[in-house]
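Asker: sequence below, structure please.
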Amino acid sequence: MKVDNFANRIRLRHIQCFVAVAQEQHLGKAADKLLLSQPAVSKTLHELESLVEARLVERGRFGARLTRDGQTFLTHAVSVLDALDGARRAVGADSETQHEAVYVGALPTVAPDLLPPALAEFRRARPGVGVDIQVAANAPLLDKLQAGEVDFALGRMADPKMMVGVSFELLYVEPLVVVARKGHPVLAQTGLSLNEVIQYPLIVSTKGTVPRHNTESHLQARGLKLPASCFETLSVSIARLIALQSDSLWFTPMGAVREDVDMGLLQILPVQLEGTEEPVGLLHRSDTSLGPSAKTLMTILRETAVLRRAPGTSWRLADSPR
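Answerer: Residues are numbered from 1 along each chain as shown. As a prediction, the model looks like this:
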């Protein structure tokens, strides 16, 4: 590829089209978003691939997925659009201040623990700035981050192939716990084992998530497996209500139940789940400079994480392990 020829021939529409396809993972949906026809999007994409001399998108019956070269190109394409957007905001910045917003991605099990107190502090620091919160599992969060849909995310480390152009900053390490509602029959049992736990109805995260993988791996290492009758959900609010209103036991990251445990609504069962700890941290694109409001919110989240994990934090078990 001749650099001069590439620089002279590439147009903003090429980059906008490519990023839209990466975000939507479907040529037809990208066309709708750009108010273009699908053939026009396909033609623009072909032009871009010809210019970079590489296959960027794999098209198929089920949509469009980025190739490895596409993932690499995406980080730079998003940076170009970010830079242009930053230049637009910088011109007449005073008149645009009231429209400023921060876009945050978060795991469903992390969002209820860290975001509420952090956002309360952020509102005091930046009263005129909006915050758009997008909750998703870790893999979709990385897709959103790499496609520029969020400024940063509260998530987990992933396979290096999924972390192209993404930096991870550790906030804390979070274990898995099993919780039961106040007054649950299991609380009367002594010397509780995992084999006894899985005899009850269970609530678990959906397949493909880190908490689900850790739950299954921990049980398999002890010759056990999840029953087929589990309730599976990514929604913390739904899982919480099931646990509070039934005899179901909930396998969940600790942060998702912090407030309910502190209020005595749920209790952590004294079963050993060593080895299920997972790092939680801030994910952001390596080559993109964040705006001042996004940086402020990230700083507040770091401080909130330290306070939430400070010595003396209470995690009341239903009973001490025997």
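Asker: make it CA atoms for all contacts and neighbour counts henceforth
Answerer: Noted.
Asker: where exactly do the helices run in the stretch 1-150 of the chain?
Answerer: Along the stretch 1-150 of the chain, counting by DSSP state H, counting those that start in this stretch, helices occupy 3-9, 12-24, 27-34, 38-52, 68-90, 93-96, 111-125, 138-146.
Asker: quick one: mean pLDDT for the fourth one?
Answerer: Per-residue pLDDT over helix 38-52 has a mean of 88.
Asker: quick check: angle from that helix to helix 68-90?
Answerer: Counting by axes from the mean of the first three to the mean of the last three Cα atoms, to 10 degrees, helix 38-52 lies at 100 degrees to helix 68-90.
Asker: which other helices and strands does helix 38-52 contact?
Answerer: Packing partners of helix 38-52 (3 or more Cα pairs under 8 Å, 6 or more residues apart in numbering; DSSP states H and E): helix 3-9, helix 12-24, helix 27-34.
Asker: now do 7 Å
Answerer: Applying 3 or more Cα pairs under 7 Å, 6 or more residues apart in numbering; DSSP states H and E, one finds that helix 38-52 contacts helix 12-24, helix 27-34.
Asker: show residues contacting that helix.
Answerer: 1, 6, 14, 17-18, 27-28, 31, 55-56 (Cα atoms under 7 Å, 6 or more residues apart in numbering).
Asker: got the contact list for stretch 297-305?
Answerer: If you take Cα under 7 Å, 6+ apart as the criterion, stretch 297-305 is touched by 114, 118, 122, 171.
Asker: which of the residues in that stretch are buried?
Answerer: Residues 297-298, 300-302, 304-305 are the ones in stretch 297-305 that count as buried (16 or more other Cα atoms under 10 Å).
Asker: before we move on, the earlier item: how about the contacts of stretch 297-305, which pair is most distant?
Answerer: Largest separation among these by Cα to Cα: Phe122 and Leu171, giving 17.9 Å.
Asker: between these two, which is the more surrounded one?
Answerer: Higher neighbour count among Phe122 and Leu171: Phe122, with 23 against 20, using other Cα atoms under 10 Å.
Asker: and the more buried one, how far from Leu290?
Answerer: 16 Å (Cα to Cα, to the nearest Å).
Asker: what do you get for Leu307?
Answerer: The separation that Leu307 has from Leu290, given Cα to Cα, amounts to 24 Å.
Asker: how about Glu174?
Answerer: According to Cα to Cα, Glu174 stands 27 Å off from Leu290.
Asker: lowest-scoring secondary structure element of this protein by mean pLDDT?
Answerer: When each helix and strand of the chain is scored by mean pLDDT, DSSP states H and E, helix 93-96 comes last, with a mean of 49.
Asker: mean confidence score for stretch 190-200?
Answerer: Taken as a whole, stretch 190-200 carries a mean pLDDT of 93.
Asker: again with stretch 55-64
Answerer: Mean pLDDT, computed over stretch 55-64, is 85.
Asker: what lies in contact with it?
Answerer: By Cα under 7 Å, 6+ apart, stretch 55-64 touches 25-27, 49, 65-67, 69-70.
Asker: cross the buried residues of stretch 297-305 against helices and list the overlap.
Answerer: Taking DSSP state H as the definition of helices, these contribute 297-298, 300-302, 304-305.
Asker: Glu24: neighbouring residues, count only.
Answerer: 19.
Asker: ok now do it, which residues does it touch?
Answerer: Neighbours of Glu24 in contact, by Cα under 7 Å, 6+ apart: Ala30.
Asker: so where's the stretch 1-150 of the chain uncertain?
Answerer: Applying pLDDT under 70 to the stretch 1-150 of the chain flags the ranges 1-5, 89-99.
Asker: ok so, going back, show me which pair in the buried residues of stretch 297-305 is furthest apart.
Answerer: Leu297 and Ala305 (12.2 Å).
Asker: nearest residue to Ser79 other than its sequence neighbours?
Answerer: Thr288 (5.9 Å; Cα to Cα, 6 or more residues apart in numbering).
Asker: give the buried residues for stretch 211-218.
Answerer: Applying a neighbour-count criterion of 16+ other Cα under 10 Å, the buried positions in stretch 211-218 are 211-212, 214-218.
Asker: Serialize the residues you listed to a markdown table and add fields for distance to Leu224, secondary structure and pLDDT.
Answerer: Formatted as a markdown table, the buried residues of stretch 211-218 follow (distance: Cα to Cα, whole Å; DSSP: H, G, I helix; E, B strand; the rest coil; pLDDT from 0 to 100):
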| residue | distance to Leu224 | secondary structure | pLDDT |
| --- | --- | --- | --- |
| Pro211 | 16 | helix | 93 |
| Arg212 | 14 | helix | 94 |
| Asn214 | 13 | helix | 93 |
| Thr215 | 10 | helix | 95 |
| Glu216 | 8 | helix | 95 |
| Ser217 | 9 | helix | 94 |
| His218 | 8 | helix | 95 |
